[in-house]
Structures are given as structure tokens and as C-alpha cells.
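[1] Generate a structure from the sequence data that follows.
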Amino acid sequence: MDTEFRSFIKAFRAGQRPAFPDNASSIEYARELDAQDELHFLRDKFIIPTKGSLRKRALTGTVPGTNTKVVNGHVSVGKKNGIKRDDGDNEDETPSVYFVGNSLGAQPKSIRTHLDAQLETWASIGVNGHFTTLENSPLAAWQDMAADCAQISVDLVGAASPTEVIYMNTLTVNLHLMMASFFRPTEKRHKIIAEWKPFPSDSYAIASQLQWHNLDLSTSLVEIHPDNPERQYISTAHILSVIDEHADSTALLLLPGIQYYTGQLFDVARITAHARARGIPAVGWDLAHAVGNVELSLHDWGVDFAVWCTYKYLNAGPGAIAGAFVHQQHHHSHHPSNSSNGPEKYNGYAPRLAGWYGADKATRFDMAKVFRPAPGAHGWQVSNPSAADLACVRAALDVFAQTGMSALRDKAVVLTGYLEWLLLRLLEVGVGRSEEGEPAYRILTPANSRERGSQLSLLFRSGLLERVSERLAEAGVVVDVRKPDVVRVAPVPIYCRFEDVWLFIQALERALE
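    Presented below is the predicted three-dimensional model:
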């Protein structure tokens, strides 16, 4: 049966902006949309910080919004509100509006179970945990955990097989490892094409790689600037024109799937195909804000490599172990050493900064002196990964396994579209307008839903940010503030509700009064 919710999905998926009804600004309407949401059950898989827990200033052993208490590692479960709370606990258990999953995702409830399984394994069988999977455990043997996470990530990133995906290190470390393999400058091809305002860590990594190769940033770094500076928008046509201009001298194209500041989603498929057609040897993507947020088909798009973190939309926890993708065309030695279609081969495999855990599992414990890489992306591992980290990633991925990116994206386009509609309505009625008639904010993120994920970036009028952010925090609304004037708002579909969007708008309106 075609519901109003389904009709919105179709419209937003087509890049249209459907009209919400006159009563869409009411909490009753928001709750109607939540009732039609087929993914509403996923919210219960997460612990959402409460208004009270956000004010916590000391560890008390209580878990926000639940009837559990942890004392000396032991979990006590009682009736709702039946646990005696320590001094320092705030009694307000109203869930916060947690719109900051683009920075740090909420905690899956199963994280504790997976970490407990890892700790019990370590305590019980010690070093044998590397090779043994205990019955009833949600985790594989330690040395198989990264491959296990890769197995359930195939659809998440659009890989052809689990061998194209690996979980290891952290995002910027993985970016360096990938550039060590795929940025192979020559006298003719020495440039890296990037965008003008990447996340600072990417800027540092790119600059240091160029310097490592004794290259001058002024001649070897090409930055793609917005063709619409006011909106900070970079059109696909403009990106393609920059590629055309520098194709003959470029060794690597490296872009974000989603621009972290504005929330613009780039056309990964079209840009990658164009760079390929123009002979650029390597195309890589930083997908920190894209994995778990939008649908991806990295293999079919012909992406050479991609890297991402797992603590944003994937909800694996602060600083959690990161992911990487390497296209299967680089797994074997079918390219001649002088090929322009990718990195040259060493002893039958692509060059890399090698380490012990990148060695083939079949011979890893032979302690051979000569490096024989594990198949596919797994051969780019360096060190023994943290089992505790991988336990968190596994728990987070298990939640995604209960749905699919297509369904999450369906909800996301409507959720973000509803947020946009309410934000524009505030502007229409003049909330926060200055005496000179200047609006309180404008939306930097593209209006076309096909050019954005689950984030809208609001650029506030100068001087408003501090007051607005303070009042939102007082109201139990968690958003990401980027000075001097931007607030990034991310109602992620896996645990956010339409009612949360409505509550955010009410808090924002009060903050602007």
C-alpha cells in the first residue's frame, strides 16, 4: 500500500522537493511519519544520551535511558527507575535530540555484549583467542575478526567480494598507506587533485605525501574551488573541467564522497569514470561521511581505493578502527610493471608499506622473512588489530545487517527533507531576522536530495552562533558546531525520528527569539 511516506521517498529520490501539508509543522504530523517508518525498530538498538546524562560530570555507573547500572564491571538490571541513583546523576531521562551522528554516532546496545565476549575470551583462553571461536560468542577468533567485519560490509560499500574490504588502523593512517601504493609520481605525472576545503587531516596527509616525494605544493597540488563561492558549492561539471585541465600531469585524484563542512554529496561514479577516461592512474575517495550514510557501489564504479572511519554513521565508538577498500584489479599481477592503469607491481603484488598482519594467513606464523601478502585488501594490513576495537565494529555492523542501505537511504531523504522544509518555514515567517531584514541563517547544503546525505549545514548570521549553540545545548539538543558560524545538523536515519526533527525546530526557534 502506497503511503504518504512512500510518495515522499519517490519524490526525494528523483531529486524533487515535494510539498508537505499545511499541518506538517505539528508534532502530531511528525508522529504520523514516525508511525509510517518501517525502520522505527532500529532506534531501540541504540542508547541515546538523555537530557540528564548530558549534564553528567562524574562516572556513576548508570547507563542513560536504561534500567541498568554497572558496578565494578557487573551489570545490575531492575525495574524502570527502580535503581538507586548515585549523587551526581540527573533525574531527567528524556532522550536528547542527538543530531551529531556525522561526528560521533550513538552507542549500539550490543556493544557491551560484544566487548564482554572479547574480555571473557581473553580471560579464559588467553593467547588461544587468536585461533579459537568460543561457542555462543558473537565474535570470530581474533585473527579472523577483521575478515569477518569485511564479510558483512560487502553490501555496505558495494564491494564485489570481502577481499576488497579490510578493517585496520585509523582513517588517516589508512589514507597514508593507500597513497604509498597509489600515489606514484613521475616527472610528467606528479599532481594530486583535491578539493579546496577537505577535512584538515586530509590536507595534512596530502601535503606531507607531496613533501615526502620532494614535490612543491604550489605546482603539484591542484585544489578544486567552488564555482559558486557564496554557497560553497562545487558542481560536477566544474570538477570534470579541472580534471580535463590537469589530466596529463595528474598522478592521483583524491576527493571526499561527502564534503564534511557543507554536506555536499559528490557524484562518485561519474567523476571516477571521467578521471579514468582521461588516463589518471589512480582515483581514491575519503568516505568518512559517506559509508553508512549513502548507497555506494565502489567496485562497479571502478574506484581504485577508498578509506573511511567507523565512528560516525557506523556508530562503532570514538577512534574506532577504520575501513579501507582496494579494487580487485589491484589484487593480482596482471598489469605489466610499466602500466599506467595503477601502481607498478613488486614481486607480483602492488607496492605497499608492508607489515606482519598483511602477510597471508596461511603462512603468517611461519615467520618467513620474505613478504607474501594476504589476498586482496587484506594484504594492506600492517599490525595486529585491536580485538576490542573490532568487537565494537562488529556490534555496530550487526545493526546495519538488520536492514540495508537502500532502506536507510529511503528514510534519510525524507527525514532530511522534512528538516529542510521546517527550517525554510522558520525563515519564511521571519524567525531571527535582523532589523535590516537579514535572515538568521541559510542552508549551505544542496537542496537537491541526490546531492546530500543526512546532514544539513546551517550558516548563521555573524554573531548568532554562540547564543544559538548554548541555547540548543540547554534544551538537550546535540549538534556539531563549526566556528565561526556553521552548525552541522545530522538526523541520521538509523536511530533518529521525525519527532526529533520537530523538537529540534522548536528548540532552534526558541534560541532565535
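
[2] Please count neighbours and contacts with C-alpha atoms only from this point.
    Fine.

[3] worst-scoring helix or strand of this protein, pLDDT-wise?
    strand 74-77 (a mean of 60; mean pLDDT, DSSP states H and E).

[4] now for the helix or strand that comes right after that one, which elements pack on it?
    Next along the chain after strand 74-77, taking DSSP states H and E as the criterion, comes strand 97-98. Judged by 3 or more CA pairs under 8 Å, 6 or more residues apart in numbering; DSSP states H and E, the packing partners of strand 97-98 are strand 477-478, helix 498-512.

[5] mind listing the strands for the stretch 101-250 of the chain?
    Counting by DSSP state E, counting those that start in this stretch, the stretch 101-250 of the chain has strands at residues 107-108, 165-167, 191-195, 221-224, 250-256.

[6] tell me the most buried of the ones you listed?
    Of the strands of the stretch 101-250 of the chain, the one with the most neighbours on average (mean count of other CA atoms under 10 Å) is strand 165-167, at a mean of 30.

[7] And the strands in the stretch 251-400 of the chain?
    Using DSSP E, counting those that start in this stretch, strands in the stretch 251-400 of the chain cover 282-286, 305-308, 323-326.

[8] Between those, which one is closest to residue 457.
    Among the strands of the stretch 251-400 of the chain, the nearest to residue 457 by CA to CA is strand 282-286 (19.2 Å).

[9] relative to strand 191-195, how tilted is the closest one?
    Angle of strand 282-286 versus strand 191-195, following axes from the mean of the first three to the mean of the last three CA atoms, to 10 degrees, is 30 degrees.

[10] partners of strand 282-286, with directions?
    Applying DSSP bridges, strand 282-286 is found paired with strand 250-256 (parallel), strand 305-308 (parallel).

[11] among the ones you listed, which is nearest residue 420?
    strand 250-256 (23.1 Å).

[12] how far does the closest one sit from the chain's center?
    20 Å (CA atoms, centre = their mean, to the nearest Å).

[13] Need the contact partners of that strand.
    182-186, 189-195, 198, 266, 275, 280-288 (CA atoms under 8 Å, 6 or more residues apart in numbering).

[14] Convert the longest helix seen in the chain to PDB, retaining C-alpha atoms only.
    Secondary structure assigned by DSSP state H gives helix 405-428 as the longest helix of the chain. Extracted in PDB, the C-alpha atoms of helix 405-428 (Å, rounded to 0.1, in the frame of the first residue of the first chain):
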ATOM      1  CA  MET A 405      21.500   0.900   2.800                       C
ATOM      2  CA  SER A 406      18.600   1.300   0.300                       C
ATOM      3  CA  ALA A 407      16.000   1.300   3.100                       C
ATOM      4  CA  LEU A 408      18.100   3.600   5.300                       C
ATOM      5  CA  ARG A 409      18.600   6.000   2.400                       C
ATOM      6  CA  ASP A 410      14.800   6.000   1.700                       C
ATOM      7  CA  LYS A 411      14.200   7.200   5.300                       C
ATOM      8  CA  ALA A 412      17.100   9.600   5.200                       C
ATOM      9  CA  VAL A 413      15.900  11.600   2.200                       C
ATOM     10  CA  VAL A 414      12.500  12.100   3.800                       C
ATOM     11  CA  LEU A 415      13.900  12.800   7.200                       C
ATOM     12  CA  THR A 416      16.400  15.400   5.900                       C
ATOM     13  CA  GLY A 417      13.700  16.800   3.500                       C
ATOM     14  CA  TYR A 418      11.300  17.300   6.400                       C
ATOM     15  CA  LEU A 419      14.100  19.100   8.400                       C
ATOM     16  CA  GLU A 420      14.800  21.300   5.400                       C
ATOM     17  CA  TRP A 421      11.000  22.200   5.000                       C
ATOM     18  CA  LEU A 422      10.700  23.200   8.600                       C
ATOM     19  CA  LEU A 423      13.900  25.200   8.500                       C
ATOM     20  CA  LEU A 424      12.700  27.100   5.400                       C
ATOM     21  CA  ARG A 425       9.400  27.700   7.100                       C
ATOM     22  CA  LEU A 426      11.100  29.400  10.100                       C
ATOM     23  CA  LEU A 427      12.800  31.700   7.600                       C
ATOM     24  CA  GLU A 428       9.600  32.500   5.800                       C
END
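
[15] And that helix, what's buried?
    For helix 405-428, a neighbour-count test (16 or more other CA atoms under 10 Å) marks 405, 408-423, 426-427 as buried.

[16] Tell me how far residue 52 lies from residue 471.
    16 Å (CA to CA, to the nearest Å).

[17] Break the protein down into its structural domains.
    As given by automatic domain parsing, the domain ranges for the chain are 4-106+403-512, 161-399.

[18] Most tightly packed of those domains?
    Most buried among these, counting by mean count of other CA under 10 Å: domain 161-399, with a mean of 20.

[19] Which secondary structure elements does the longest helix of the chain sit against?
    Contact here means 3+ CA pairs under 8 Å, 6+ apart; on that basis helix 405-428 packs against helix 4-13, helix 498-512.

[20] Okay, angle between it and helix 4-13 too, please.
    90 degrees.

[21] Tell me which residues are up against helix 405-428.
    Contacting residues not belonging to helix 405-428 are listed as 5, 8-9, 12-13, 17, 20, 25, 37, 39, 155-156, 292-295, 433, 439-440, 449, 453-456, 491-494, 497-498, 501-502, 505, 509 [CA under 8 Å, 6+ apart].

[22] Go again with 7 Å.
    The contact list for helix 405-428 (CA atoms under 7 Å, 6 or more residues apart in numbering) reads 8-9, 12, 25, 156, 294-295, 439, 449, 454, 491-494, 498, 501, 505.

[23] what about stretch 383-396, distance to the chain center?
    17 Å.

[24] change the start of the numbering to 692 and stick with it
    Yep, numbering from 692; the last one is stretch 1074-1087 now.
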